[in-house]
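Chemist: Need a 3D model of the following:
(one chain, ligands or ions: 2)
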Amino acid sequence: MLDLRNEILELKDEVISLRREIHMYPEVGFEEHRTSSLISSYLKNVGLEVEESIAETGVVGLLFGKEKGKTVMLRADMDALPISEANEVPYKSRNAGVMHACGHDGHTAMLLCAAKILSRHADLLGGNVKFVFQPSEERDPGGAIKLIEAGVLENPKVNFTFGLHLSNLFPVSSIALRKGIFMAQADRFSILIKGIGGHGAYPHLLVDPILVASNIIMALQSIVSRETSPSESVVVSIGELHSGSTFNAIPETAYIEGTVRTLNKLSARTVPESIERIANNIATAYRATIEFEYNTGYPPLLNNEKMTEFIMEVATGIHSLRIIEAPISMGGEDMSYYLEKVPGAFFWLGSSNKEKGIDKPLHSPYFDIDEDALLTGIEMHVNIALKIFGFDEDSF
Ligand SMILES: [Zn+2]
Ligand SMILES: [Zn+2]
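Modeler: Ligands and ions are numbered 1, 2, ... in the order given. Below you'll find the predicted structure:
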């Protein structure tokens with residue numbers, strides 16, 4: 001098979017400048033108007049059939065292979081986070097309080113360049129390639145479910161799907177993935193504790209919601225240690241606690257908000273029940289009441305076994321690329337919605353480089369990548385598209 005490596009290497013400056021351009025003008029979920037129009041005009045320029053404004057700001061580019069066959073979907077997300085960038089770099093975010101701290105600028109740039117390369121070589125494709133630029137991965141409900149509702153997996157029907165995510169947990173020139181369960185279900189909950197407020201000197205006449213909140217927070221940690229099998233992984237984290245306005249008054253209410261991460265259906269069902277039971281009974285014990293809200297987030301991400309092997313095979317064919325077996329991540333990803341419906345796989349693309357001082361985690365205001373990773377990402381996308389149609393879907 002023709003090796004497109006040299007052609008990909010020639011796009012180094014282009015992919016870096018695309019990534020930096022997107023990095024400078026980050027936009028949060030469903031507001032990616034500038035990013036989305038950059039994507040559509042790029043795809044049109046390279047000769048793809050383009051569908052715009054799907055699920056608000058989503059863009060889909062379609063490349064028909066020479067042979068009529070199946071369709072592979074390659075997905076990139078394109079939204080940024082409400083974080084102020086702390087890096088002092090020439091391509092620092094120009095949008096105050098918004099930053100590409102999750103690498104989605106790189107995901108978009110890589111997939112655009114892969115579209116450019118593949119559009120020149122449509123004659124080598126044994127099927128069609130759908131390039132999906134998804135809005136709002138960070139904001140629940142994310143863009144994936146909306147794109148599916150808008151029919152992204154149909155016309156032509158998608159037979160395989162793949163996606164990648166930059167990560168500084170792994171070095172540049174590596175990918176990391178695993179078969180089966182890869183990422184967690186990510187839920188969100190809140191507890192509003194209602195007491196009786198008044199002067200801090202007369203607590204016996206009041207019901208103190210801060211004391212109740214403190215007890216609930218401590219007790220919730222027993223869900224993982226005492227109610228979950230030691231062989232299971234569950235996370236219960238409180239990220240917000242708000243109450244009170246001055247030192248000498250007991251407030252009326254206290255508010256707790258947190259996240260739950262689970263890897264299987266049983267825990268996903270029992271943990272919310274446990275939180276409510278513990279919170280309710282502690283509140284009652286202290287004469288307070290609660291209002292409990294629980295929102296189920298993205299489902300766990302599962303990699304198809306055969307498709308994971310396929311990714312490893314593709315990576316093996318790429319010069320000096322290391323393949324690492326990734327640990328399960330308790331993070332969430334809405335790529336999981338596509339993978340529930342279509343065989344495929346998701347993988348980490350290593351982007352850290354200790355020598356260059358690039359090692360900050362995703363969502364850090366100091367997040368940055370070794371841009372050499374972008375070339376590896378293009379090479380993975382291109383080779384996935386070139387090789388996937390040799391696979392027999394019925395054998396999965
Ligand atoms: Zn993120
Ligand atoms: Zn992300």
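Chemist: give me the low-pLDDT residue ranges for the stretch 251-396 of the chain?
Modeler: 391-396 (pLDDT under 70).
Chemist: all strands of it, in order?
Modeler: For the stretch 251-396 of the chain, the strands defined by DSSP state E, counting those that start in this stretch occupy 253-262, 289-295, 301-303, 322-325, 344-352.
Chemist: Out of those strands, the one nearest Glu309 is which?
Modeler: strand 344-352 (8.9 Å; CB to CB). In this view, the C-beta of every residue, glycine as well, is placed from N, C-alpha and C.
Chemist: Please enumerate residues in contact with stretch 220-231?
Modeler: In this structure, residues lying in contact with stretch 220-231 by CB atoms under 8 Å, 6 or more residues apart in numbering are 234-236, 238, 258, 267, 270-271, 274-275, 278-279.
Chemist: residues in contact with His100?
Modeler: His100 makes contact with 22-23, 26, 80-81, 93, 106 under the criterion CB under 8 Å, 6+ apart.
Chemist: How confident was the prediction at it?
Modeler: pLDDT recorded at His100 is 98.
Chemist: Pick the most deeply packed of the strands of the stretch 251-396 of the chain.
Modeler: Counting by mean count of other CB atoms under 10 Å, strand 344-352 has the highest mean neighbour count of the strands of the stretch 251-396 of the chain, with a mean of 26.
Chemist: And it, how far out from the chain middle?
Modeler: Remark: strand 344-352 is offset 11 Å from the chain centroid, using CA atoms, centre = their mean, to the nearest Å.
Chemist: Just name whatever secondary elements that strand is in contact with.
Modeler: Helices and strands touching strand 344-352, by 3 or more CB pairs under 8 Å, 6 or more residues apart in numbering; DSSP states H and E, are strand 160-171, strand 174-177, strand 301-303, helix 305-316, helix 335-341, helix 372-387.
Chemist: could you give the angle of it to helix 372-387?
Modeler: Calculated by axes from the mean of the first three to the mean of the last three CA atoms, to 10 degrees, strand 344-352 forms an angle of 160 degrees with helix 372-387.
Chemist: check contacts around the residue positioned nearest the centre of the chain.
Modeler: For the chain, the residue nearest the mean C-alpha position is Glu333 (3.7 Å; CA atoms, centre = their mean). Residues near Glu333 by CB under 8 Å, 6+ apart: 137, 165, 183, 298, 301, 346.
Chemist: and the two most separated of those?
Modeler: It's His165 and Tyr298 that sit farthest apart of those, by CB to CB, at 13.4 Å.
Chemist: ok, Leu18 - how many residues close by?
Modeler: Residues lying near Leu18 (other CB atoms under 10 Å) number 22.
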